[in-house]
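K.L.:
I would like the atomic coordinates for the input below:
(3 chains)
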Amino acid sequence: MAEKSGFSVHLRTYLTGYVLSVVLTLAAFWAVPAVGRENKSVLLLVGLLGVAQLTVQLKCFLNVTTQKEGRDNLALILFSTLILLIIVLGTAWIMGNLAMRMHTTM
Amino acid sequence: MNIMDYGWLGKLSWDSIVFSKLFTNFSVSEVVASTAGSIVIFATVAILFLLTWFRVWGTLWSVWLTSTDHKRIGIMYIVFALVMMTRGLLEGMVMRAQQAAAPDGFLYADHFAQLFSTHGTIMIFFVAVPFVVGLVNYVMPLQIGARDVAFPVLNQISLAITASSGILLMVSLVVGEFSTGGWSAYPPYTGTDFNPGVGPDYWIWAIVFSGAGTTLTGINFTVTILKCRAVGMGFFRMPMFCWTVLCSSILMIFAMPPLSVAALMLGFDRYLDFHFFTNDLGGNMMNYANLFWLFGHPEVYLLVLPAYGIFSEVFSTYSAKRLYGYKSLVFATMSIAVLSFTVWLHHFFTMGQSPTINIVFGIATMLIAVPTGVKVYDWMATMYRGRIRFTTPMIYSIGFLILFVIGGLSGVILANPTVDFQVHNTLFLVAHFHNVLIPGVLFGLLAGYNYWFPKAFGFRLDERLGKWSAYLWIVGFMLTFFPLYGAGLLGMPRRSFSYMDLTFKPYMLVAFIGAMVVLCALVTLILQLLVSLRDRKKNRVPVGDPWDGRSLEWSISAPAPSYNFAELPRVTDRDEFTETKEQGRAYQPPKVYRNIEMPRNNPLGFILCVLSGILMFALVWYIWWLALITALAIIVVVIASTFRWDSEQIIPASQVQQDTERWLELVKNTEPVGRDLENTPQNNGYAKLEH
Amino acid sequence: MSGNSSSISKPPSVDPGAIHKDPDMVIFGFWVFMMSDLIFFGVVFAIYITMIGATAGGPGPRELFDFGSLFAQTMLLLTSSLTVGIATITMKHQRSQGSFLFWVVITLLLGLGFLTLELYDFSEMAAKGGVPQRSGYLSAFFGLVPLHGLHVTFGCLWMLVMIVQVLMVGMTDLVKLRFLRLALFWHFLDLIWIGIFSVVYFGGWVYG
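P.N.:
Down below sits the predicted model:
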């Protein structure tokens, strides 16, 4: 019996994650053509929806938790995110600045 | 020419062999190149002959090549690194000779460019990295009280692809030519437009494969330290060396990908006519500089942090004192590791970005000097009032302490963008990075080599020649590189194969003399090994603790048994072995002998070494059918290896008991010696308690 | 972690040092690998961002992207992430080997469907002159999106090997452990895909 309920609890988590992900994806695919490319701030919305979906999938599919037994993983993910941000934002900053000063498009 | 238009042998032809140029274009430069090529061929033949003569192929295969034992893999890494170091060092000599002889040098510009490119590539990727990885492999699992690294077969694979990339570099001496683009291989110069030959392709594949090996090593070491420590060994009970290895491994995981991406993209530009870094059609070569140094800066800390760890062990052992400021050293190491990701732009201050960005990165760079300074003070305080013995590792360490501070300070000077604009691309920079890499990394590695050698082989290295070698390294280094600071300030560009301004000449002559002293240091190092091999009976230390060591690796016999510990230790203190010795708990038999499960030998690494070597060669020479076959073979072999279900073997408790009892018997019959007799034949590895 | 490896029995305590099979450690090791791979992707993303404008007069995102096909690909991959998750819990709760294999095969088919659509997209782009040799922008695009596709291909191959191994030896601990890692890998690829449709497609379309 316990076995069975464990199964359905897990299944429910996955299904919740799936439904939420579908909704967030639909929102992004709807928003971009609806707002159009003239308004660049639509990307902010896409970004937020993307981060929301990342969080949902990390939680529901990859079962990343803030609980004690998952601390190692969480620390690893957070540290990797920090390095990722340094690399991506740093590159965008440096190369963007360079492009601006050299009058090239980026 | 379309890449598919090549024949069965791709670009290969008789003219690709280095000796053919002797006939077509006889000159000193070609003689030097051919000599290098023949050394490679002669050495290979000699090794094959000796292996056959002594009939050791079987042993080589079953004990070394297929071994998954971290200790054997570590030793193989170090042997590989030493071989490559000999080559890299000789190339340095030839370059020094060329610049000392200028303006009438004896090398062609292209040949000189190949020399500095291979010298840099080899010294970083095939000497420093494998030497560090080798020492870590040997020592770290012993220090944390583990039986092996977390993933032994992965470890073997890392070695395999690092070695095959190194062998590829050796092949480039005989077949074709190497890149002329420096170790950093900046496009567009290394693109097809300016460099249509095979040189940059050799560089690309060696970097991609050895880089993958290093990444896998980083993963392996990180997991080993985080998950395989002995019971009771909390983070703050780990020996300092393990801390530095942890930080360095994290750097391997996160810093190698940008390099792999940069090299692969350069490959796409060259092979498939992409436009990542080309001049035309929207390519941007500055992206390459950015990527390369995203890797390049963490890389130097990846190398130097384990060396810091070695120095910490050496200072504390040979001062017979607990390491001073352990926690501050840990935090300094961690901050250096994180800060190293925030300074990469200082390698291209002059690229053309705004002064604001330069200042931000300049300040971040200077910040790194703070934790490093903390370390220097901690090491000095460790020695203060210690029972100091002036042994070979200590000479290296003290040489490091003084010289590294000079090198570090020249780095702080370079961190100032306005100064950097004046001296960038001059010999000042060359002097700076040799000044941090030789005393920082190489001295550390050589200190570690002298320090842990008895643990690995059961006998001490010859102390007299060791000291000679250490002093020669120090003097040779200073004579070679201090003049380069001066020449750099006078404006001599790096990588110049000749010059017209004779002001530089005296500096180059002194540097050449220094290079000869370094050569003597290398010869002494080799002599030391040979003499020690001859005297191995006299200098045996079978009990395993020749230096009154403080951490767990000294608590077992020398050489260590394949399973490391008969019973896994329970750790109660940071200097665990010192603690057990003082409480009289050392050299006790385990309460109960148990069967020990260890990984079995595995031919996977060796097979991948051969296959990846052939694959790289085929890619370099555009031999597509061979590349396709080997690539498929690699996939098939890897999949097939997952069908090996019994990857473990059992070492029976009876054998463990027999080994351990024989060793304990030996301990009982050995006379403990004090520190004064440390380097005499009386020292059989049993340290007398003196305090 | 979805590495929650509770369904795998730890080896009997012959020797407390036999760490080579500790499932938690193996899963953690795989996480570390994925984070390294994440940085690999991140660097290529960064290059893409710096090259969005570098079309050199060639076709750009507005001429080349097909959002309909993109949406279909996204849904296929997302659904496959769900099915691989269901396979994992079937395995964890010791359901029948048949139902486990059913969900694995469904995942494999979805993955192959994704790859087919992606390749179709690339051929459509090529027909409009969108080949990597045309411009820096297209080089960056074809450096990133097929890199993800290559990972998916590798995942499919891995899945085939797993199916063979389950049929050969059944659900042994080692096989389970391998499948847990495969599932992690597959979820991870879906995470990367979120970045791809947000940054590469939408970002490219808005800024390009």
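K.L.:
Tell me the pLDDT of whichever residue of chain C sits closest to chain A.
P.N.:
Going by CB to the nearest CB, chain A is nearest to C:Gly53 of chain C, at 3.3 Å. Glycine gets a C-beta too; all of them are placed from N, C-alpha and C. On the pLDDT scale, C:Gly53 is placed at 89.
K.L.:
Count the neighbours of it for me.
P.N.:
The local packing of C:Gly53 (other CB atoms under 10 Å in any protein chain shown) involves 17 other residues.
K.L.:
hang on, isn't it packed against C:Tyr137?
P.N.:
Yes. C:Gly53 is in contact with C:Tyr137 according to CB atoms under 8 Å; the separation is 7.2 Å.
K.L.:
residues in the stretch 351-500 of chain B within reach of chain C, list them.
P.N.:
Contacts of the stretch 351-500 of chain B with chain C, taken as CB under 8 Å from any CB of the partner chain, are absent.
K.L.:
for chain A, what are the nearby residues on the stretch 351-500 of chain B?
P.N.:
B:351-354, B:357.
K.L.:
6 Å instead, please
P.N.:
B:352-354, B:357 (CB under 6 Å from any CB of the partner chain).
K.L.:
for chain C, same thing?
P.N.:
So chain C meets chain A at C:1-2, C:31, C:35, C:38, C:42, C:46, C:49-50, C:53, C:71, C:74, C:78, C:81-82, C:85, C:89, C:93, C:187, C:191, C:194, C:198, C:202-203, C:206 (CB under 6 Å from any CB).
K.L.:
buried stuff in the biggest helix by length in chain A?
P.N.:
In chain A, assigned by DSSP state H, the helix with the most residues is helix A:2-35. Buried residues in helix A:2-35, counted by 16 or more other CB atoms under 10 Å in any protein chain shown: A:7, A:10-11, A:13-14, A:17-18, A:20-22, A:24-25, A:27-29, A:31-32, A:35.
K.L.:
Those residues: which ones sit near chain C?
P.N.:
Within these, those near chain C by CB under 6 Å from any CB are A:7, A:10, A:14, A:18, A:21, A:25, A:29, A:32.
K.L.:
element containing the spatially closest residue to C:Leu110 that is not a sequence neighbour?
P.N.:
With sequence-adjacent residues excluded and distances taken as CB to CB, 6 or more residues apart in numbering or on different chains, C:Leu110 is closest to C:Ser80, at 3.6 Å. Counting by DSSP states H and E, the element that carries C:Ser80 is helix C:67-92.
K.L.:
looking just at contacts, which helices and strands does the helix or strand just after that helix meet?
P.N.:
Counting by DSSP H and E, the element after helix C:67-92 in chain order, helix or strand, is helix C:97-127. If you count contacts as 3 or more CB pairs under 6 Å, 6 or more residues apart in numbering or on different chains; DSSP states H and E, helix C:97-127 packs onto helix C:67-92, helix C:136-169.
K.L.:
Please identify the deepest-packed of those helices.
P.N.:
helix C:67-92 (a mean of 22; mean count of other CB atoms under 10 Å in any protein chain shown).
K.L.:
okay, the angle between that helix and helix C:136-169?
P.N.:
On the basis of axes from the mean of the first three to the mean of the last three CA atoms, to 10 degrees, helix C:67-92 is oriented at 30 degrees to helix C:136-169.
K.L.:
ok, back up a step: go through the helices and strands packed on helix C:97-127 and name the closest to B:Ser260.
P.N.:
helix C:136-169 (11.5 Å; CB to CB).
K.L.:
packing partners for the closest one?
P.N.:
helix C:23-50, helix C:97-127, helix C:173-195.
K.L.:
circling back to that earlier point, using JSON lines, lay out the residues of the stretch 351-500 of chain B next to chain A together with secondary structure, pLDDT and neighbour count.
P.N.:
Formatted as JSON lines, these follow (DSSP: H, G, I helix; E, B strand; the rest coil; pLDDT from 0 to 100; neighbours: other CB atoms under 10 Å in any protein chain shown):
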{"residue": "B:Gly352", "secondary structure": "coil", "pLDDT": "92", "neighbour count": "11"}
{"residue": "B:Gln353", "secondary structure": "coil", "pLDDT": "94", "neighbour count": "23"}
{"residue": "B:Ser354", "secondary structure": "coil", "pLDDT": "95", "neighbour count": "13"}
{"residue": "B:Ile357", "secondary structure": "helix", "pLDDT": "97", "neighbour count": "18"}
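K.L.:
related to what we said a few turns ago, which helices and strands sit right next to the longest helix of chain A?
P.N.:
Partner elements for helix A:2-35 (3+ CB pairs under 6 Å, 6+ apart): helix A:42-60, helix C:67-92.
K.L.:
pLDDT (mean, whole number) over the first one?
P.N.:
For helix A:42-60, the per-residue pLDDT values average out at 95.
K.L.:
CA atoms only for it - export them in CSV, please.
P.N.:
Provided in CSV are the C-alpha atoms of helix A:42-60 (Å, rounded to 0.1, in the frame of the first residue of the first chain):
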residue,chain,number,x,y,z
VAL,A,42,9.4,41.2,-24.4
LEU,A,43,12.7,39.4,-23.9
LEU,A,44,12.5,40.2,-20.2
LEU,A,45,9.2,38.4,-20.1
VAL,A,46,10.6,35.5,-22.0
GLY,A,47,13.6,35.4,-19.6
LEU,A,48,11.4,35.4,-16.5
LEU,A,49,9.2,32.6,-18.0
GLY,A,50,12.3,30.7,-18.8
VAL,A,51,13.7,31.0,-15.3
ALA,A,52,10.3,30.0,-13.9
GLN,A,53,10.3,26.9,-16.1
LEU,A,54,13.9,26.1,-15.1
THR,A,55,12.9,26.3,-11.5
VAL,A,56,9.8,24.1,-12.0
GLN,A,57,11.8,21.4,-13.8
LEU,A,58,14.7,21.5,-11.3
LYS,A,59,12.1,21.0,-8.5
CYS,A,60,9.7,18.5,-10.1
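K.L.:
Quick one: check it for contact with chain C.
P.N.:
Yes. Applying CB under 6 Å from any CB, one finds helix A:42-60 touching chain C at A:43, A:46, A:50, A:53-54, A:57.
K.L.:
Considering those residues, which is situated nearest to chain C?
P.N.:
A:Gly50 (4.1 Å).
K.L.:
Point me to the helix or strand that includes B:Tyr77.
P.N.:
Here B:Tyr77 is assigned to helix B:70-101, by DSSP H and E.
K.L.:
Equivalent analysis for B:Leu626, please.
P.N.:
helix B:624-641.
K.L.:
quick check, the helix or strand just after that helix touching chain C?
P.N.:
Following helix B:624-641 in sequence order, the next helix or strand is strand B:648-651 (DSSP H and E). No. Shown here: strand B:648-651 not in contact with chain C (CB under 6 Å from any CB), separated by at least 6.8 Å.
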